[in-house]
Each structure stands twice: as C-alpha cells, then as structure tokens.
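>>> Dropping a prediction and its sequence here:
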Amino acid sequence: MKVRNIPGKRNELKVLGIIMMVSFILMTALNPHEFLRIGNLQGMAFQLPELGVLSLAMMVVMLTGGINLSVIATANIAGIACAMILTSTPSGVDPSGGLVAAALSAGLLVSVIIGFFNGFLIAYIGITPILATLGTMILFNGISIVVTKGYVISGFPDTVRFIGNGSLLGIPFPLVIFALLASAMAVFLNRTSTGFNIYMYGSNESATCFSGGNNSRIILRTYIISGLLSGFAALIMISRFNSAKAGYGSSYLLVTILAAVLGGVNSEGGFGRVSGLVFALVTLQIISSGLNLLRVSSFMTIAIWGFVMILVMVVNYYTERRRERLLKALS
Amino acid sequence: MKNLIKTHEFCVFAVIVVLSAVITIINPNFLTLENGLDLLKSYSFMGVLAIGILFVLISGGIDISFAATATIAEYVMAVVCIRLGGNIISAVIIASFTGIILGTFNGILISRFRIPPIITTIATMNLYYGILTVVTGGKWIYALPDWFRSFAEIRIITLVSESGTPYGLSVITLFWIIITAAAFFTLRFTMLGREIYAVGGDIVSAERVGFPVKRLQVFVYAFMGLMAGIAGVIQALLVQTVAPNSIVGKELDVIAAVVLGGASLAGGKGSVAGTVLGVVLIAVVKNGMTLVRISSVWSDVVIGLVILVSVGFSSWQQKREKQKSKIEIEGVGF
Amino acid sequence: METLFLSMKNITKVYAGVRALDAVDFSINRGEVHCLAGTNGSGKSTLVKIISGVISPEKGSEIVINGRKTEHCSSIESIQHGIEVIYQDLSLFPNLSVAENIALNENIASGKKLVNWKRSREIALNAMDRIGVSIPLDTRVEELSMADQQLVAICRALTGDVKLLIMDEPTTALTKKEIDALLKVVLDLKDKGISSLFISHKLNEVMEISERVTVLRDGKLIGCYECSELDDKKLEYLMTGATSVYEPYHFKPDRSGTPVLRTEKLSKDRNFRDIDLEVYPGEIVGITGLLGSGRTELALSVFGLNPADSGTIEIHGKKAVINSVEKAKQYGIAYVPEDRLHNGLVMDQPVGKNIVATVIDRLKGKGGLVDPEKVDSSVNSCIRDLSIKIPSVYSPVKTLSGGNQQRIVIGKWIATDPELFILDNPTVGIDVSAKSSIHRIIRNLAEKGMGIIIISDEIAEVLYNCSRILVMHKGRIVKEFDSSDASEEEIQAYIESPADIGCDR
C-alpha cells in the first residue's frame, strides 16, 4: 500500500532543493569572497525569520483558498501595542521583567484579536477573504497611524532586543523562534484534525461540511493562527529594529505570497507543505542577500521578486497541465 | 419607483445625502458650488481609475497594479513631453499607449496562464514599481512644459466667488465626464459591455455561447491600463509634478469606492452610476473630515470601516439569501 | 430536400491517450426526435460537445451539416447552422435579465456591435409566445425557479433559426406537468421540421416520443435502434453490456424493539410536512419521489444540515436535537449525498485523506495528535473491507471510477460506526456490475443491525432492496408500500400524481 511514486508528488521538494542549491552556487560564484563570509551568512540567518514567520501566516490561509492581505498591518499594530507598553516607563527606567512579559503577551493578544476579527468577517459575515483582509489592512494601518501619530516608537530593554539580535549556542535567536514555529505549524497541519480539515476545506468546502467538518470554525481558527503568527513576526521585527512604526515592512506582503507560491502552496487552496515553504524562503534569502552584496538596488530586488513570481506561476501552469495529463493517462 | 429605492445605488445616494447634510450643519462651506466643483476636479483621477477597475470587477477579476501603471504612464508621458515636446493630445496618447501595454501584460498572464488575478497583479505591481524606481532613481519631475501647465487651468465654465476669486468646471473634470459617459454607453448598449457582464456572471456559459472569453479578459485589463494611463495624465495635470510615490496606496481607495458602488468581487455585478456614487461617497467622507476638522490620520481608519461595514452588510444579506435558497426547492409549496 | 440534417462519420476524440470517442457514426434526420443514450463516461457528452463546436474531433473525422461538409466547426458556426444545445446546467447568465438571456443568441448571431433593448424584449416575447409561457422580462434569472429557468433556456434556443435542438437530461428537474408541456413543445417543433436530440441515461418520457435511439458505451457506437424495438431491460443491456440483476431481498427485520430513528410531525416550511417515520435496526427503508418532493430535504434535516422547524426526532427512543453534521455524527447518523462530485468527496485530495475525513478526530494518539498508524490502519481496513481498487492511497479520488468513488464515500461513513445510514441515490452514475456490489454492501450493513434509508429515483432500487417503501409527494409521505406486495407500476403512479389515485392525505 505504500506506493509513493505518484507523478507530481514529492518531486516538488527535490525541485525546490535543486533551485536552492543552484541559487547558492550562483551567488557564491558571482561574489565568492563576500557571500561566504560568516558575517553574511549570519546576517541571512537574522533576516530570514521575520519574513519566514510572516510567510507561515500567509501560507496557512492560502491553504484554505483564502488570502490574508492584512498580515503586515497586523504585525505592525501588534508591534506597536507591544512597544507602547515597553516604553511606558519613565525615561531611563528599564521596564521590569513582568512588564516585558506583559508587553510581549499584549502584542500577541492584539494579533490574535485581529485574526479573530478577520476570521469572523469571513466565516460568519461571509465577506470574501480578499475584501475582508483588504478592509482590515486599511483599518488597522489607520489605527496604527492614529495611535502613533506616524512617529517611531523606539528604545527597548536588552531582554527584548535579545529576541531579534541575540544568539543561542551560536544560533541566532530569531532563527530558533522560526524553527520552533515552523515545526509547530508542520505538526499542526499534519497531525491535528483542524490542520487536516484546512486542507480538505481548501479543496472542497461543501464536501468538508458533509463529512462533519465545522467550516466556520475551521476558517475562524485559520485566521486566528495567521494573526498569531503575524504577532510573533511583530516581536521579531520590533526587537530587531529596536523600534516600531506604522507601515514597517509593507514590501513583505508580496514576498510572503511569493514564498508560499514558490514553496508549492496552491493559490487555490488544498495543497502545500511547511517544508516547501522553508526551502523557498531559504532560496529567496540567498538571492536577496546575494543581490544586496552585488550592490543591486533594493527596488531592483522588488522588481525581480515580481518577475520571479510570474515566472513561478507560469511554470506551475505548465507542470500542472502535465500532471493532469499524466493522471488522466494513468486512470 | 419602489424598485429604484431598493437598488444599491439608491442606498449609496441616500448615505451621501445624509452625510452631506451632517457635514454642512457643522461647516456650511461644504455644500457650496465652489467646493463641489473643486471636488469634481480633484477626484477626477480616482473617478477615471474607478471606471477601469469597474470593468475588471464586472468581468470577475481584480487588479491592484493600476496605480503602478498610472505612475509609469505619467513618467513616460512627462519625459517624452519634456524631451520631444508635443501637446496635450500627444501626451494623452503616449500615456494611454503605455497604460494599455502594461494592462495587456496583466491580461495575458491572467487569461493565458490562468494565474489568479490577485496574485498576478500583486506581482506586476511590484515589478512595475521596482523597475520604475530603478530607472528613474526616484527623482521627481518638476519642469513640465508650459502648455501642460496652462491646459490644466482651462475652465469650461467660469464663475466668480463672493470673495472675487474665479472658479468653475475644470477641463480636467471633463476627462472624467467623457469617460464615464463612454463607459456607461459601452456597458449598457454594446455587445462588448454585455459580454463583460456575461463573463462575470458565468464564465463557462459564456464560453459555450461562443464569447471570446480570453480576449475579453485581456480587453478588460488593457482597458484598465488605458484608464490608468489617462489617470496618470490627470494626476500630472492636477499636481504639476511627477513623483514615483505620489499614487502609491491609492489603489485601495479606488477599489473601495467601486465596491461601495455595488460591484462584487465575484463578478457580474456593478454599474457606472454606482461607481460614480462610490467615488463621490469617498470624496464626501474625506473632504468632510477635513471640513469638520478631523485629523487626516483618521482617514484610513474611516475608509477601512466604511469598506468593512458596507461590504459586510451586503455579504451578510447575500449569505442569508443563499442559505434560504439552498433549501427552498421548487415544487414544495403548500 | 434531403432528409438528413446532420451526419457524422468516424468521429474520434482522444483525451490524454484515452479514446473518449472511437470512430463513432451518428446521424439525425430533419424533423426527427432522436435520443442519445449511454452511461456516464460513455462519450455522449463528448459527442454533443463536438456537434456544438465546443471541442474539435481528431483528424479523419467527417461531419456533414445541412449538406455542407466540414472537419469541425466553432461554436459560433454551429449556432449559425441552427444547432442549439441546452445543457443540464442550462448555461444561463444569472446576473442578466430574462429578456437579455433569451435574446442573447439572436444578438450574437446578428453580429451587431450595439444592443437594441427594445428588440431584445420583442425577441424574448416572441420566443415565449412560441411555447406559450410568460415570465417577467426584467427579472434577473437568478431569481427564477429551476423550471422557469429551463423555460428561459428553451426560449433562448428557439430564438434563432433553430434546426436541431439538443437537450441534456431536460426532464430530471421537472414535474410531470412540466414534462408534458415540454414534450408538447418538442412535437410542435417536429411538425415545423426541427429535429430534437435528447441525451439520457434511462428510458423515460422523452424516449417514448423519440423515433430512434443511438447508444454509446465506452466511447464506442453500440448501435442505432428504432425506439419501438427497445424496452428498459434491453436499453440497459445495450448501455452497460450487462443486465442488472436485482436479487430480491426480503429480510424481515424485527420491529418490536426501539426504532433507531423515529420522527413525529417533522415539518419545515416549504420543504416537508408532518413526517412520521420509523426505522428499526436491521431495516432498510426506501424513500422515493420526484425531485423536489422533499425526500432529500428530509434526509438533510435528519443529518443536521437543514434543521426542521417543528416536530421531533428520536434516536433510540431519546429525543435528539440535530443542528449540525457533528451532532448527527455523535448520534450515529451517516449520510451519503447524491452529488458525489461536490458534496461526497474532495476529488483533488488523495484517497487516504478522504477515507478518514469523517473520523480524523477519533484517530488520535499520544498528546492528542493524529496518529499516522491509526490513520493507516483505518484506511487499509476500509479499502480491504469494501474491496476498493486504487493505484495507491495517495492518488487523488478523481482518478477513480464512479463505483470505487462511491465505495469510498460509504466506507468513510462506515468508519464512524453509524447506527442509521442514509443513502441518497447511492448508485447514480455507477455501472451495473458495481451497482449490485454496492447493494450487497448495504445489505450487509443492515444484517449487522444498522438502520438504513435508501432514497432513490430508481423504483427498482428501492423495491428490491427495501422492506418498506415510502413515497413522497410535495413534501408529504403519501403512501407506504410493503415491498413484498408492491409493483413498480403501482409505485410509479403514486410518485407522479397521488391525487389521481384518490390519495387525499
């Protein structure tokens, strides 16, 4: 019964692995002295996690066939909430451990509330995910601006800065967080009934309901998890920059979708794995750092991301067609 | 009459009337001809883009790259006008042409490779912005030709306010009016317009009936590009400078306006009248906020809420209707 | 004038190496009423798509329409030849008005770039006149009932200079009265020299007014027969290559204990009314009736997807409130929906996932996480018990045959260990050999003590599998039969019009 050699199955990871290796070799070849420096590799390890966690947040909703345009806005407002509590002590006085803990939890709580709000709008009010999250994206960006009046909130205690800048046994701490969250997500998606139902819902809502899945609850949970992950991304983000501000990282939105799509997440829902996403993220990080070292403008990088995304989708179109044909021929 | 009241357009109209009344009570300067004409001028940009996105939404798609397209068209137009000269007609043609090319690219990706429109246009938005910023180096253009400057000041009708300053119906508004009229005619009275509705209503049926579905898809995105191109010219006329980031983020307001006007992301629904009303509503809200002295930092919050409340309301109604119709099977009446 | 309107020779169509049509010949005379019969996947819809120009056949095919030879024609050309297809989903535009939907073909055919609304309304009125109906012109089609929508589709087909009207299973959603009206229209068209082609998978009213029947099986032409020389059995044999043998099943369950399911005065506005129903352990109860008689609505309400307004449901003698599938599952109720594609299975997902979809939250191991070993054993035992044939548990369900797909739907519900099993048209679209094996599975379940309800259009299916048969009409149960002393004809009469037989319930 353990026949695993189905066309299109598992090949994904192999292809992604090859793409990753090629981009690594290419970037090394283009700039051997700088690219392989420890500093650069470490820099990459510090940059990847925040994008990685945001991509997880995007991925989980894409599996249900939805999209969450508000991931960055959620992260920003959660970061701001956290930062406001952290900086609420009189200047010069470091916040106590309890206050730090309260601030971090407040950030996560805000993100969960926003996730719940998104899920509620989609599952119970019936707004399409694009419009619902577009609306919440504008709304919460607006609230962030109102609350901060557009200013930067900065200056956090060392304990907080450690989250984004510290290392554990030589491994950057943000990377540890990302590894933990990615593993947790993998377990959640593969080993819980909600995770199972997320995939089924993504392929066919109606049949999932007829099998006893509670669709509204599945969607609600999905968006809460997406919100929570955005919250974790916020913690990494604000601690790395040592500041919070409305509108940070808005260019990440495209890259999170790109990472998910490149990692094999089907844009119509139902398929995609955490491992694929991780491969895609590493590839994107290699390319982006490599380009950065080659003094390529960051805007050029954005243009390249746009181009790569189109390329990936076009390639997907052809592989999907081939797979369909193979499957038909098999049956 | 009863049917008219039930339409979405009427609801939006009623909201506009009520809002206007409230704002006028707080600040009488709102409901003046001068302010009205001024709003019609400054919202021409949004109004033209809204017509473009209306076509896309009716066909069942979405485009969020049009602000980038408009900016590129604006740049290309400005550079050509400065280097080679020309007049307003050549300026419009150049910008339109640029817009159509970029829009067609979207259309081809969406129809030929079946990439979901939201993903396609997020990608092209970044592609277009990225290339634009790299090529221009982010530089602003100030030195627009004199003829361009003087064209912007033409008024079709000139009036004089009590304080003695002249005002009137700007030529810029004329762009919006003509395009709106043309769009109304196209959607209502041409086969092309009805085909776009048909594709948005049921794409499989449209294919069976023999409509050129793929060509129609390319058309709506190309048309969106054309509108973006013209909007680029309008933007340049309005502010007389060209900046790479001046339109960033506007795409969301425009989509909001059209959705407020009754268009649906599911396709097949939406009207020109509703779209104009949607733009007017956004204009009234934003202008009203200034006039009643609400800080502009609240602007996004208000827009976000307006979107969520109005879309939420109509989605909720639809959801309830759907639940009903799912079980009401014909022939089971008592 | 030649009598032949359409003649097709040597039509072949290959999809991904599979011959959907294999050298099929087909012809229709002018003014003929013709029937195209075949099971699902026999190639009949492929043939229709070729006639209507949606797809083109392989090289070597020969099509002569109206005396003109062509390799294939586009859909526009086919419309110009006067060929109109009414698909089962009707292909209307829900967001457009009745007038516009009806006038659409005419507007396309005229080739004009502008729309003349006044003319559109005239066209619509004319078409409605032809078949003597009137539907408000400005109503959006999505607001109409199914029967009215079908009339709109027929009107649309009649607007042009139609020579051949193709209808895909047009009668399934109609009441007897509406069918009679439709047949009258068809005969009327025949008098005007217009040919009609019906697509069907069983002998029904339309076949009675047809002259010839062309039968396809597995993409091959079986033959073209005079309608008068066919009966139900023979047609079934031609379509499937086998005759379904219903071994009559007269298992008399013990009806003395508590029933698994008992409903009292169960009612839901516009769905069903005053339903009193009892199902005992080991009993197989059949429910039949027309589409829209309330049978599926009733089943869904017991399954929690369409809760009733009033009345009570008792499970094993205890009152039950069932307002979600989860609840239904807790009460041990299983339901196999009629629409496998949309409701029964997640077609794109693998077999394994589909099988455990109903029980995934019961397959937990350490730490409350899903235990892959339990999943594997659950999947494997289902595949073994129901002898499902699959290339691998990882292949998407959509690659399987209808019979195997249905076994998976049944299997995933057996996994929940239900006490009441409701099956809605369990053998629709399944070939004959697979059919009887599914019936055998159902009987086995009953013998193990499960209470079973079979809902079916096919009277033979309920007659030979159930001990009691309930006939529903307009939301009520109008007659109960004991299967040992009922005949198909008798049941059929009650299904169509119980009032004529003197039923005044």
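Thanks, I have it.

>>> near chain B, which residues of the stretch 51-200 of chain A show up?
Neighbours of chain B within the stretch 51-200 of chain A, by Cβ under 8 Å from any Cβ of the partner chain: A:67, A:121, A:125-128, A:130-132, A:134-143, A:145-146, A:149-150. (Glycine included, C-beta is placed from N, CA and C.)

>>> pLDDT value on the residue nearest to the spatial centre of chain A, please?
Residue closest to the average C-alpha location in chain A (Cα atoms, centre = their mean): residue A:55, at 1.6 Å. Per-residue pLDDT puts residue A:55 at 96.

>>> Hmm, it is touching residue A:260, no?
Yes - counting by Cβ atoms under 8 Å, residue A:55 does reach residue A:260; the two are 5.9 Å apart.

>>> list residues touching both of those two?
Listed as contacting both residue A:55 and residue A:260 by Cβ atoms under 8 Å, 6 or more residues apart in numbering or on different chains are A:277, A:280.

>>> Tell me how far the residue nearest to the centre of chain A lies from residue A:254.
11 Å (Cβ to Cβ, to the nearest Å).

>>> Next: residue C:74.
Distance, residue C:74 to residue A:254, using Cβ to Cβ: 40 Å.

>>> With residue C:355 instead?
Distance, residue C:355 to residue A:254, by Cβ to Cβ: 39 Å.

>>> next one: residue C:273
Residue C:273 is 56 Å from residue A:254, by Cβ to Cβ.

>>> residue contacts, the residue of the stretch 201-331 of chain A found nearest chain B?
For the stretch 201-331 of chain A, the residue closest to chain B is residue A:303, as judged by Cβ to the nearest Cβ, at 2.6 Å. Contacts for residue A:303 (Cβ under 8 Å, 6+ apart) come out as B:126-127, B:129-131, B:134.

>>> for the chain, which spans come out with low pLDDT?
In the absence of a named chain, chain A is used. Counting by pLDDT under 70, chain A contains low-confidence ranges at A:1-11, A:91-92, A:327-331.

>>> should've been chain C
C:1-2, C:16-17, C:72-73, C:172-177, C:201-205, C:243-245, C:250, C:497-505.

>>> can you do 50?
Along chain C, the parts satisfying pLDDT under 50 run over C:1, C:502-505.

>>> Contact partners for residue 159?
Reading this off chain A. A:97, A:100.

>>> my bad, the chain I had in mind was chain B
If you count contacts by Cβ under 8 Å, 6+ apart, then residue B:159 has B:33-34, B:166-168 around it.

>>> Of those, which ones also sit close to chain C?
With Cβ under 8 Å from any Cβ as the criterion, no member of those is in contact with chain C.

>>> So residue C:355 and residue A:254 - more neighbours on which side?
Legend: neighbour count by other Cβ atoms under 10 Å in any protein chain shown for residue C:355 and residue A:254, higher for residue C:355 (28 against 21).

>>> Let me know the secondary structure of the more buried one.
helix (DSSP: H, G, I helix; E, B strand; the rest coil).

>>> Look up how far residue C:214 lies from it.
Residue C:355 is 39 Å from residue C:214, by Cβ to Cβ.

>>> Residue C:317 now?
Distance from residue C:317 to residue C:214, by Cβ to Cβ: 55 Å.

>>> Which one's more surrounded, the two?
Neighbours per residue, other Cβ under 10 Å: of residue C:317 and residue C:214, the larger number sits with residue C:214, 22 against 10.

>>> so which helix or strand takes in the more buried one?
strand C:212-217 (DSSP states H and E).

>>> helices or strands next to that strand in the packing?
strand C:33-37, strand C:220-226, helix C:232-240 (3 or more Cβ pairs under 8 Å, 6 or more residues apart in numbering or on different chains; DSSP states H and E).

>>> these two touch, right, residue C:9 and residue C:25?
Yes - with contacts counted by Cβ under 8 Å, residue C:9 reaches residue C:25, the gap being 5.2 Å.

>>> show me what contacts the closest residue to residue B:141 other than its chain neighbours?
Counting by Cβ to Cβ, 6 or more residues apart in numbering or on different chains, the nearest residue to residue B:141 once its immediate chain neighbours are dropped is residue B:242, at 4.1 Å. Each residue near residue B:242 by Cβ under 8 Å, 6+ apart is listed here: B:74-75, B:78, B:140-141, B:144, B:236.

>>> what's the distance between residue B:264 and residue B:196?
Counting by Cβ to Cβ, the gap from residue B:264 to residue B:196 is 14 Å.

>>> More neighbours: which of the two?
Neighbour tally, residue B:264 and residue B:196, criterion other Cβ under 10 Å: the higher count belongs to residue B:196, 28 against 22.

>>> can you tell me the helix or strand for the more buried one?
Counting by DSSP H and E, residue B:196 is part of helix B:191-201.

>>> what does residue C:273 give?
Per DSSP H and E: strand C:272-279 holds residue C:273.

>>> Show me what that strand is packed against.
By 3+ Cβ pairs under 8 Å, 6+ apart, strand C:272-279 packs against strand C:261-268, helix C:295-302, strand C:451-455, strand C:476-482.

>>> what about 10 Å?
Secondary-structure packing of strand C:272-279 (3 or more Cβ pairs under 10 Å, 6 or more residues apart in numbering or on different chains; DSSP states H and E): strand C:261-268, strand C:284-289, helix C:295-302, strand C:310-315, strand C:420-424, strand C:451-455, strand C:468-473, strand C:476-482.

>>> Each with direction, which strands does the fourth one pair with?
Sheet pairing here is set by DSSP bridges, and for strand C:310-315 it gives strand C:261-268 (antiparallel), strand C:318-320 (antiparallel).

>>> Repeat that for the second one.
Applying DSSP bridges, strand C:284-289 is found paired with strand C:451-455 (parallel), strand C:468-473 (parallel).

>>> Report the backbone C-alpha coordinates of the shortest one in CSV.
Coordinates of the C-alpha atoms in strand C:451-455 are reproduced here as CSV (Å, rounded to 0.1, in the frame of the first residue of the first chain):
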residue,chain,number,x,y,z
GLY,C,451,-31.0,1.1,10.3
ILE,C,452,-30.8,2.1,6.7
ILE,C,453,-32.7,4.6,4.5
ILE,C,454,-32.3,4.5,0.7
ILE,C,455,-33.5,7.4,-1.3
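
>>> Having no further points to raise, I will conclude here.
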